[in-house]
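Enquirer: structure here, sequence nowhere to be found:
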């Protein structure tokens, strides 16, 4: 079962109100003292009775605590004021940037040949001059890129020519070495051919009688 909140009202009876004030005041002062001791907190408590009598408690110095509170409150107000000013500045800057973006979008459409209906002669002349300057810059950049590419091709051509000359020189050297080697060696067909004479004599008779001297007929 959930209990509802108890509604507190002012005590109408003056005697009961004074008794309750005394009890609650003493309890509050006691709790403030205990909190300062247990938690090492800096506490300053000020109470004025209905008749204007002052009751106070301070864990260190009432004046020092009040001054600290004032400084803290002043810093908080300064921070809040600074944040508000910063937010206002950011809001204005955002609105300015939005207007610039809108103007750039309008200029972009005009440069693309759109939304010319509201342009005056002066605006059309300005757009024409801007386009002419843009075309001039593009052509200059194009010529520069062509020149750079031509220079690169020339460098590549020089490198290829040097490589071709080196390969031709190497080929001539190898060909000369091959000719010198072939000139110093005899043909293999002459070196391997037999130097003994070929017998052309014809022997008649059985093989066993070849050792016997017989008339020979030379063919």
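Expert: Everything's here; your move. Predicted model only: the values in this text are computed from it and were never measured.

Enquirer: list the helices and strands the helix ranked longest in the chain packs on?
Expert: Longest helix in the chain, counting residues (DSSP state H): helix 121-184. Packing partners of helix 121-184 (3 or more Cβ pairs under 8 Å, 6 or more residues apart in numbering; DSSP states H and E): helix 62-111. Every residue, glycine included, has its C-beta placed from N, CA and C.

Enquirer: now do the helix it packs on: distance to the chain's middle.
Expert: 30 Å (Cα atoms, centre = their mean, to the nearest Å).

Enquirer: let's have the chain start at 755 instead
Expert: With the count now opening at 755, the last piece we talked about shows up as helix 816-865.

Enquirer: rounded mean pLDDT for it, please.
Expert: The pLDDT scores in helix 816-865 average 87.

Enquirer: which secondary structure elements does that helix sit against?
Expert: By 3+ Cβ pairs under 8 Å, 6+ apart, helix 816-865 packs against strand 798-802, helix 875-938.

Enquirer: JSON lines for those, including mean pLDDT and distance to residue 774?
Expert: Shown next, in JSON lines, are these (pLDDT from 0 to 100; distance: least, Cβ to Cβ, whole Å):
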{"stretch": "strand 798-802", "mean pLDDT": "93", "distance to residue 774": "13"}
{"stretch": "helix 875-938", "mean pLDDT": "89", "distance to residue 774": "82"}
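
Enquirer: redo the ones you listed as a markdown table? Include distance to residue 832.
Expert: Formatted as a markdown table, the helices and strands packed on helix 816-865 follow (distance: least, Cβ to Cβ, whole Å):
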| stretch | distance to residue 832 |
| --- | --- |
| strand 798-802 | 22 |
| helix 875-938 | 49 |
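
Enquirer: mean neighbour count and distance to residue 868 added to these, as JSON lines?
Expert: Listed next are the helices and strands packed on helix 816-865 as JSON lines, based on neighbours: other Cβ atoms under 10 Å; distance: least, Cβ to Cβ, whole Å:
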{"stretch": "strand 798-802", "mean neighbour count": "15", "distance to residue 868": "71"}
{"stretch": "helix 875-938", "mean neighbour count": "10", "distance to residue 868": "11"}
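
Enquirer: any idea which of those gets closest to residue 830?
Expert: strand 798-802 (17.6 Å; Cβ to Cβ).

Enquirer: who does the closest one pair up with?
Expert: Sheet pairing of strand 798-802 (DSSP bridges) gives strand 808-812 (antiparallel).
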